[in-house]
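Visitor: This is a predicted model, with the sequence first.
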Amino acid sequence: MKPTRNFGIIAHIDAGKTTVSERFLFYSGKEYRMGEVHEGTAHMDWLEEEQERGITITSAATTFLWEDTVFNLIDTPGHVDFTAEVERSLRVLDGAVGVFCGVAGVQAQSETVWRQANRYQVPRIGFINKLDRVGSDYFRVLETIADSFGCITLPMIVPVGAEGEFRGVVDLVTMKQFSFDEESLGRIVTESMIDEDLVDLAEMWRGELLERVADGSDQVMEHIVEGTEVPVDLLRAAIRQGTLKHLWVPVLGGSAFRNKGIQPLLEAVIHYLPSPEDIAEVKGTDPKKGTELTRALTEDDPFSALLFKVQIDVHGELCFLRIYSGSIAKGDTCLNPRTRKRERMGPIFRMHANSREVLDRARAGDIVAVTGLRSSGTGDTLCSEGAPIFLEDLVFPETVISMAVEPKSAADRDKLKEHLDRLSREDPTFRLEVNEETGQFIMSGMGELHLEVIRNRLERDFKVDANIGKPRVAYRQTIQREASSRVTFERLVGGKDQFGEVEIVLSPTSAGANCEVEWIEGGSIPAPWRQSVEDTIAAALSGGGDLGFPFIQVKVGIRVPPIDPRSTEGGMAMAAREAFEGAHSKAGDVLLEPVMAFQVTTPEEYFGSVHQDLVRRRASIESVDLAVGDRILNGAVPLSEVFGYTTTLRSISQGRAEASLEPIGFAPAPDKVAERFRF
């Protein structure tokens, strides 16, 4: 079996992720021509929406061969609205390449994807792109990466030339200089001695590299103390071990668009990122006992895999799997421990963007797509029936924006519902609800662009004829203080006497928390009655009070006295509802509005106008930094104030400023905003 690298490319939007991916495919021989993002010809951006907008929307997987090593690559989106694609990709990858702009350095979404990689303990290397641009500075960005992420960076190259004169790199491990032939589009790489004017600089940074590696490697330290040359193989092995242990991040550089520095990056993926064999085991839990289980990442252990992505296309539904242990073939059966249902594997494919290669069998370490799964969705574990295991699930953020959609005719309603359900199955950050009063479908997502893409897919891909409203903010509500209410319900309802007695205690919880429901010591009631009370509380939490929005950050305590012989299931549920309303009226309500972290980069001459506009939008500006003649503003702003902000910003700055917005949670809204929603 050939050595394998399962890795992804992560970065801020427009840092050059997809361009790097396209060069990987071209130089490896996977593609005979280079695709270009700006021309809409990138192989990895296969959706029509991606080609038109010039951005990555959905993570695309591909497999190619480089120097006898199998690369399973996932190219992820950089726009914050599609951050769930990054989340689920990093959950199943062994390593990652973080791409940074050589001019802008670490940007807002760079920090987001880095945090996601930290969450799943993914080793990574960095690539500083666009070193041919005016204002680019490899060493400045190298330092910024270290400062922003609190990590040790290893300088792996020294650029040869700068900005428009950038023409190659010096490899600080081998101390060789590499240039890239322009006529062959960078395919021909020439190795040479280091230019005389670069020798001192290369020696200085080589010493810096050795010093940093020696802090984590006794063998390298011995060579330095003894004054002997550190062998290349030893240095690479030491860098690899430290990278896998998260001691440091090796950082290379180049210009993907100008076809320079890509082959050294491919080599670095082989030398420094982990193979599946480096990940000894995966942890999970026993579905029945809840105890911890492990699976060795080999074919010898029972089959286990995580379904991390569902993709809907013209051919049907594809389920992407990362296989952790064992193997599987078409026709084999496995278990979904969440649904407790058996699944039969359909055809198995190795993917290249949206094209497929049929496989006879998939093995531990593979990332593949399958068809035929009927009862499984994103985040589900698939495993051997004889050795069930739950692997760690995926967690996705709350939606912050919604819009209404309704069919233009009653005949189209079922068709619209079917396609909306398919889209929500494909995208875990796309939520669908039905407004019981109006009958409208309410689509919720991560941002304006997210919902706009969904709307376009409904109209273009699924040919749905529907009326679609404007985006609106997904407000929430919580309570001001702890309060309780005890209600005895005794009434004739529907010709039957209903009786019940329930006490509800409401208390606020920490910011960012969802609602909790717990039973406080009291009378014992039958299980069906208990479920009715819990369902009643869940319905009240989904929207009520004076504001009518769903509750978050609330803990609900349910207490029942000893059961009266007159008690009924309906009476208990109605008592719970009235007790909840009574407690809520005492606790008071607080409107919570979604808040976005922003980073705005603007030329100095437009700073005053941009700053004034942000203040008008109720923005809290936390810092203003200076970088290469630009001002960078960081802070937080209510989502309701930044609808269409990108268009306004372009107008203010004559198209020269840019902004990044990311949901960070909810905050209390001003009274004047809350008053608009009170009944």
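Guide: Sure, I can see it.

Visitor: Helices along the stretch 201-350 of the chain, start to end?
Guide: 218-226, 232-244, 262-272 (DSSP state H, counting those that start in this stretch).

Visitor: Can you list the neighbours in contact with the longest one?
Guide: Residues from elsewhere that reach helix 232-244, judged by C-beta atoms under 8 Å, 6 or more residues apart in numbering: 123-125, 154, 173-174, 210, 213, 216-217, 219-220, 223, 248-250, 271-274, 278. (Each C-beta comes from the backbone N, C-alpha and C, glycine too.)

Visitor: quick one: contacts for residue 328?
Guide: Taking C-beta under 8 Å, 6+ apart, one finds 303, 305, 334, 345, 348, 361, 362 in contact with residue 328.

Visitor: Show the backbone phi and psi for the residue nearest to residue 65 when sequence neighbours are not counted.
Guide: Of all residues not flanking residue 65 in the chain, residue 28 sits nearest, at 6.1 Å (C-beta to C-beta, 6 or more residues apart in numbering). As for residue 28, its main-chain torsions (degrees, to the nearest 10) stand at phi -80, psi -10.

Visitor: how many other residues sit next to residue 28?
Guide: 19 (other C-beta atoms under 10 Å).

Visitor: swap in residue 342?
Guide: So residue 342, with other C-beta under 10 Å, has 12 neighbours.

Visitor: try residue 525
Guide: Neighbours of residue 525 (other C-beta under 10 Å): 20.

Visitor: tell me the residue furthest from the middle of the chain?
Guide: Ranked by distance from the centre of the chain (C-alpha atoms, centre = their mean), the top residue is residue 495, with 53.7 Å.

Visitor: So, low pLDDT: which residues of the stretch 1-150 of the chain?
Guide: Across the stretch 1-150 of the chain, the ranges flagged by pLDDT under 70 are 1, 31-57, 78-81.

Visitor: Any stretches of the stretch 151-300 of the chain with poor pLDDT?
Guide: Those would be none, if you go by pLDDT under 70 across the stretch 151-300 of the chain.

Visitor: Which parts of it are strands?
Guide: 153-155, 157-160, 168-171, 176-180, 189-192, 249-253, 281-285, 292-296 (DSSP state E, counting those that start in this stretch).

Visitor: Going by neighbour count, list what's buried in stretch 236-247.
Guide: By neighbour count with 16 or more other C-beta atoms under 10 Å, stretch 236-247 contains the buried residues 236, 237, 238, 239, 240, 242, 243, 244, 247.

Visitor: Mind exporting the C-alpha coordinates of that stretch to PDB?
Guide: Output of stretch 236-247 as PDB, limited to C-alpha atoms (Å, rounded to 0.1, in the frame of the first residue of the first chain):
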ATOM      1  CA  ARG A 236      13.500  16.600   8.600                       C
ATOM      2  CA  ALA A 237      12.700  13.900  11.000                       C
ATOM      3  CA  ALA A 238      13.000  16.300  14.000                       C
ATOM      4  CA  ILE A 239      10.900  18.900  12.200                       C
ATOM      5  CA  ARG A 240       8.300  16.200  11.500                       C
ATOM      6  CA  GLN A 241       8.100  14.900  15.100                       C
ATOM      7  CA  GLY A 242       7.800  18.500  16.400                       C
ATOM      8  CA  THR A 243       5.000  19.300  13.900                       C
ATOM      9  CA  LEU A 244       3.000  16.200  14.900                       C
ATOM     10  CA  LYS A 245       3.400  17.100  18.600                       C
ATOM     11  CA  HIS A 246       2.200  20.700  17.800                       C
ATOM     12  CA  LEU A 247       5.600  22.200  19.000                       C
END
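
Visitor: so how far is residue 240 from the residue nearest to residue 65?
Guide: 21 Å (C-beta to C-beta, to the nearest Å).

Visitor: quick one, what contacts residue 636?
Guide: 595, 596, 597, 598, 619, 620, 622, 664, 667.

Visitor: helix, strand or coil for the second one?
Guide: Put plainly, it is residue 596. strand (DSSP: H, G, I helix; E, B strand; the rest coil).
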